[in-house]
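Colleague: one predicted model, sequence on top.
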Amino acid sequence: MSTWILWFITSMILGNPLLALVIVLAVVYLGRAEYTGRYWNPLSYFQLQRQIADLRNTVETNPENAAAHNDLGRILALQGKYAEALPHMEKAFERSPESAETAFFYGYTLLASGKEQEALPHIREALEAKPSLRYGEPYLLTGNFYFKEGRHDDAIAWFEKFTEMNTDSVEGYYKLGRSCAEAGRKDDARKALEDAELAYRHAPRFIRRAQRPWNRKAKWFLRTTLRGDAG
């Protein structure tokens with residue numbers, strides 16, 4: 001309602017409802033962006049598409065380029081295009097099996113493609129070789145996969161590893177809490193969500209802004225879903 005009041009007042013001042021709408025939408029967007037720390041970059045999509053096109057051209061002209069196959073496969077996997085990503089990750093892994101990043105994303109793409117038994121050895125070997133790979137992102141990605149599959153006990157194990165490495169990640173604690181709740185572990189869920197609020201409270205300002213949406217989700221879930229479940 002306040003947005004419409006702002007539009008009405010601005011429209012009356014300017015005498016131009018369309019211009020007033022543009023101004024109000026810009027104010028609302030900037031306010032939300034400042035609150036969440038998420039600013040829309042209209043060029044980011046085109047930049048990413050250009051990067052993908054350049055990588056495709058590179059692997060077509062030089063099929064032995066393991067780095068290009070790895071980068072292309074990783075980007076496609078993070079976009080959820082696992083069928084497209086898998087051939088590139090296979091080629092990257094064939095040429096650079098010693099790369100922990102390549103081994104993980106090869107395993108992750110296999111996992112997301114339904115080849116769990118084949119995937120897990122690659123994921124585990126990559127993380128044993130480099131536990132801090134990409135600041136723990138592999139633990140979060142693998143946990144996300146299991147959560148979406150409804151395998152909450154498996155998701156918990158991966159989210160626990162992620163939060164052990166990233167004690168300031170509100171997102172990690174929130175997802176751990178959600179997984180525990182889905183698994184029926186209400187006390188553990190409550191503890192994780194309380195840890196999410198604590199991590200947010202003690203985080204530096206620039207981290208709080210980026211983590212604010214996860215903090216809101218954690219507080220909402222704790223107060224609406226777990227309220228009254230103590231003990």
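Modeller: Perfect, thanks for sending it. Since the model is a prediction, treat every value here as computed from it, not as a measurement.

Colleague: just give the nearest non-adjacent residue to G150, would you?
Modeller: Sequence neighbours aside, E182 is the residue nearest to G150 in space, at 7.7 Å (criterion: CB to CB, 6 or more residues apart in numbering). Every C-beta, even on glycine, is put in place using the N, C-alpha and C of the backbone.

Colleague: number of nearby residues for the one you found?
Modeller: Residues contacting E182 under the criterion other CB atoms under 10 Å number 16.

Colleague: ok, it to K161 distance?
Modeller: 18 Å (CB to CB, to the nearest Å).

Colleague: again, but for D54
Modeller: For D54, the distance to K161 - CB to CB - is 34 Å.

Colleague: quick one, which of these two is more surrounded?
Modeller: Neighbours per residue, other CB under 10 Å: of D54 and K161, the larger number sits with K161, 20 against 12.

Colleague: care to break the chain down by domain?
Modeller: Annotated domains of the chain cover 1-40, 41-129, 131-231 [automatic domain parsing].

Colleague: tabulate the ones you listed (TSV), appending mean pLDDT.
Modeller: Output for the domains of the chain, formatted as TSV (pLDDT from 0 to 100):
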stretch	mean pLDDT
domain 1-40	65
domain 41-129	95
domain 131-231	92
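
Colleague: can you give me the helices for this structure?
Modeller: In the chain, the helices defined using DSSP state H lie at 2-14, 17-36, 44-61, 66-78, 82-95, 100-112, 116-129, 137-148, 152-165, 170-182, 186-202, 205-224.

Colleague: output the contacting helices and strands for the fourth one.
Modeller: With contacts taken as 3 or more CB pairs under 8 Å, 6 or more residues apart in numbering; DSSP states H and E, helix 66-78 sits against helix 44-61, helix 82-95, helix 100-112.

Colleague: is it true that F104 touches E128?
Modeller: No: at 10.8 Å, F104 does not count as touching E128 under the criterion of CB atoms under 8 Å.

Colleague: more crowded one of the two?
Modeller: Remark: of F104 and E128, F104 carries more neighbours, 27 against 9, as counted by other CB under 10 Å.

Colleague: ok, and the closest non-adjacent residue to that one?
Modeller: Using CB to CB, 6+ apart and skipping the chain neighbours, the partner closest in space to F104 is A126 (3.9 Å).

Colleague: quick one, what contacts the one you found?
Modeller: Contacts for A126 were tallied using CB atoms under 8 Å, 6 or more residues apart in numbering; they are A100, E101, A103, F104, G107, L133, P138.

Colleague: could you do A192 as well?
Modeller: The neighbours of A192, taking CB under 8 Å, 6+ apart as the test, are T163, Y173, Y174, L176, G177, C180.

Colleague: save those residues as JSON lines, and put in distance to G15 and neighbour count too.
Modeller: Below are the contacts of A192 laid out as JSON lines (distance: CB to CB, whole Å; neighbours: other CB atoms under 10 Å):
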{"residue": "T163", "distance to G15": "55", "neighbour count": "27"}
{"residue": "Y173", "distance to G15": "50", "neighbour count": "29"}
{"residue": "Y174", "distance to G15": "46", "neighbour count": "30"}
{"residue": "L176", "distance to G15": "54", "neighbour count": "28"}
{"residue": "G177", "distance to G15": "51", "neighbour count": "29"}
{"residue": "C180", "distance to G15": "56", "neighbour count": "25"}
